[in-house]
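[1] Next come a sequence and a model predicted from it.
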Amino acid sequence: MIQSTRFIRAFSLLIFTGLIGFVSQAQTIVYNNGALIYAAKGSIVQINGGIRNNGATGLINNNGTMTVASNGLPGTFYLKDTSITMGSGTYMIEQNWVNDATFIADSSTVNFFGDLRDTITSVVLPYTSTTFNNLVLTGTGVGNDRKKSLVNVNATTDVLGILTLNDRELDTDTNTMYVLNPIVSAVTNNL
């Protein structure tokens with residue numbers, strides 16, 4: 001009974017206004033084309049597949065925990081067009097972060113937990129760099145699947161943010177990861 005109560009409570013705090021579509025292909029994608037998706041503090045949103053925040057008025061305001069994970073294929077978070085993604089919650093991303101819009105980090109945490117090589121990227125010129133508050137790298141992949149990679153973009157952790165590498169590798173290639181927090185413990189690992 002407690003589990004079903006938590007489920008109902010979590011989703012009763014999720015408010016949808018506007019147009020949201022669920023595209024059924026090889027992978028399930030939650031497609032937000034101009035809606036407000038609001039997750040209140042303490043709520044849990046589980047997306048089995050990927051999510052695409054799209055459209056001129058697409059707004060995701062996450063203050064809970066939003067997990068974009070596998071339903072047979074890894075989950076990718078797409079920020080597209082002039083949409084806005086914001087909030088002080090936790091974003092659990094199993095695969096890629098594709099930012100071609102606006103991400104307002106607030107006091108949020110983005111955790112890349114996939115077991116495959118994850119990427120932080122932008123695909124539309126001019127490329128959009130992401131500023132994270134807290135960026136956490138986790139997972140159990142080995143070899144190249146330990147890597148979380150910047151592709152085509154630089155990225156930043158904010159002035160109060162923390163970069164937590166754990167035992168993962170942040171592959172920047174020719175890109176740059178900026179850590180704006182001046183304290184020594186702003187970058188941590190467990191090696």
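    Perfect, I can see it now. Note that the coordinates shown come from a computational prediction; the quantities given were computed from them, not determined experimentally.
[2] Give the other helices and strands that the one helix or strand Val30 maps to contacts.
    Following DSSP states H and E, one finds Val30 within strand 28-33. Judged by 3 or more CB pairs under 8 Å, 6 or more residues apart in numbering; DSSP states H and E, strand 28-33 is in contact with strand 20-24, strand 44-48, strand 50-54. Placement of C-beta: from N, CA and C, glycine included.
[3] try it again with 6 Å
    Packing partners of strand 28-33 (3 or more CB pairs under 6 Å, 6 or more residues apart in numbering; DSSP states H and E): strand 20-24, strand 50-54.
[4] ok, of those, where does mean pLDDT dip lowest?
    Among those, strand 20-24 has the lowest mean pLDDT, at a mean of 42.
[5] Phi, psi for the closest residue to Gly42 other than its chain neighbours please.
    Spatially, and ignoring its direct neighbours in sequence, Gly42 is nearest to Gly64 (6.0 Å; CB to CB, 6 or more residues apart in numbering). Recorded main-chain torsions at Gly64 are phi -110, psi -140, according to degrees, to the nearest 10.
[6] ditto for Pro182
    Dihedral angles (degrees, to the nearest 10) for Pro182: phi -80, psi -10.
[7] excluding its backbone neighbours, what's nearest it?
    Closest to Pro182 by CB to CB, 6+ apart is Val159, at 7.9 Å.
[8] which helices and strands does the helix or strand that the strand holding Val30 is followed by pack with?
    Remark: after strand 28-33, the chain's next helix or strand is strand 36-39, criterion DSSP H and E. Counting contacts by 3+ CB pairs under 6 Å, 6+ apart, strand 36-39 packs against strand 59-62.
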